[in-house]
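[1] Quick one: sequence and predicted model below, then my questions.
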Amino acid sequence: MSSTFENTISVLAKAGIPSPRLEARILIAEASRQEAGNIGTDSVLDKDQQEKLEEMLSLRLQNMPLDKIIGSKDFYKYSFNVTCDVLSPRPDTEVLVEEALRLSSAFQSPSFLDLGTGSGCILLSLLGERKDARGVGVDCSEKALAVAASNAEKIGVKEQVRFCRASWFNEDFGSLFAKPFDLIVSNPPYIPTGDIPGLEENVRKYDPFGALDGGEDGLDHYRQLAKVIPPLLKETGYVLLEIGIRQAEDVCKVFEKAGLKTEKVLRDLSGIERCIILKK
């Protein structure tokens, strides 16, 4: 007789789910509230745990991302709460965090502004490493900000951060901040609207549309950010922006017209230009 572990692997493998053995271990661990490393062929679930596993398997077979099912995703050095109200944190974004930390070493008690904070994974990772820092996370989604606030408490940085519900398309956006910032970070929506239907289902269906849609050419948010960022940046400060594939040149031009200079373009784990660094 096959074990729960083996049956779960078989179901995932037949559906073409990548790494079925690893995912089976994670799902069974979540259902039974155990550590994934303790899950094996001898794992036994009670009735309620089995029902929970079957519910999660059903969602996974509908291409819901694993992190959205179990409610958390590892990013940088931390585990973040996630829901369908925020983008799933992605490893490629870690290059932005690493560079922001490197640049922040030049500042004593640096101030961070995160535009479009979502789960808070960028800002809270920075604050977790810089206990002397303070930050503001901005998002137009109340539900996203609730997720970010839960992560600030989870990571232990809630005293270092405040969250603000606002849109950088509002005329009075700049008036929300009393002082300019040392470092401004952002992973704004940058997918061209026409490309969204062609995205993988796990992104198209389970990430919030507003966090993906960058307008007709994918640059709408960059053009607006280029208007609002310069007054919010200290003279010695830096801006770090995540960008989409083949957008580096166009985004740099948008910000150069606004008076900022391109310092560097960073590549992600796949060698794709993923982050631009700007300053006054």
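    Noted; the coordinates are in hand.

[2] contacting residues for L124?
    Y78, F80, G137, A148, N151, A152, I155, V157, V161 (CB atoms under 8 Å, 6 or more residues apart in numbering). Where you see a C-beta, it was placed from the backbone N, CA and C, and this is true even at glycine.

[3] now, which of those residues lie within strands?
    Mapping the contacts of L124 onto strands (DSSP state E) picks out Y78, F80, G137, V161.

[4] Let's have these in a markdown table, adding distance to D114.
    Output for those, formatted as a markdown table (distance: CB to CB, whole Å):
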| residue | distance to D114 |
| --- | --- |
| Y78 | 15 |
| F80 | 13 |
| G137 | 5 |
| V161 | 9 |
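
[5] Show me which pair in these is furthest apart.
    Spanning the widest gap among the ones in strands among the contacts of L124 are Y78 and G137, at 14.8 Å by CB to CB.

[6] okay, the two: which has more neighbours?
    G137 (28 against 20; other CB atoms under 10 Å).

[7] That one - nearest residue in space that isn't next to it in sequence?
    Residue nearest to G137 in three dimensions, not counting chain neighbours: T117, with 3.4 Å by CB to CB, 6 or more residues apart in numbering.

[8] if we can go back for a sec, how about a markdown table for the contacts of L124, with distance to M64 and pLDDT added?
    Below are those laid out as a markdown table (distance: CB to CB, whole Å; pLDDT from 0 to 100):
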| residue | distance to M64 | pLDDT |
| --- | --- | --- |
| Y78 | 22 | 97 |
| F80 | 17 | 98 |
| G137 | 26 | 98 |
| A148 | 21 | 98 |
| N151 | 20 | 98 |
| A152 | 25 | 98 |
| I155 | 25 | 96 |
| V157 | 29 | 98 |
| V161 | 29 | 98 |
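
[9] Surely F75 and T93 touch.
    Yes. Between F75 and T93 a contact is recorded at 7.4 Å, counting by CB atoms under 8 Å.

[10] so where's the stretch 101-250 of the chain uncertain?
    Within the stretch 101-250 of the chain, not a single segment meets pLDDT under 70.

[11] quick one, strands of it?
    Assigned by DSSP state E, counting those that start in this stretch, the strands in the stretch 101-250 of the chain fall at 111-115, 134-139, 161-165, 181-186, 233-242.

[12] Quick one, which of those gets closest to D85.
    Comparing those under CB to CB, the one sitting nearest is strand 134-139, at 9.8 Å.

[13] For the closest one, output the C-alpha coordinates as PDB.
    What follows is strand 134-139, C-alpha atoms only, in PDB (Å, rounded to 0.1, in the frame of the first residue of the first chain):
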ATOM      1  CA  ARG A 134      14.100  53.600   9.400                       C
ATOM      2  CA  GLY A 135      11.800  53.100   6.500                       C
ATOM      3  CA  VAL A 136       8.500  54.000   4.900                       C
ATOM      4  CA  GLY A 137       6.600  51.500   2.800                       C
ATOM      5  CA  VAL A 138       4.000  52.900   0.300                       C
ATOM      6  CA  ASP A 139       1.300  51.000  -1.500                       C
END
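
[14] Save the contacts of L124 as a markdown table, and put in distance to R246 too.
    Below are the contacts of L124 laid out as a markdown table (distance: CB to CB, whole Å):
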| residue | distance to R246 |
| --- | --- |
| Y78 | 31 |
| F80 | 28 |
| G137 | 29 |
| A148 | 30 |
| N151 | 31 |
| A152 | 34 |
| I155 | 34 |
| V157 | 35 |
| V161 | 33 |
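
[15] What about R90, how many residues nearby?
    Quick note: R90 (other CB under 10 Å) scores 16 neighbours.

[16] residues contacting it?
    F75.

[17] and the residue nearest to P208 when sequence neighbours are not counted, how far is that from E201?
    Leaving aside its chain neighbours, P208 sits nearest to D85 (6.0 Å; criterion: CB to CB, 6+ apart). Distance from D85 to E201, counting by CB to CB, to the nearest Å: 18 Å.
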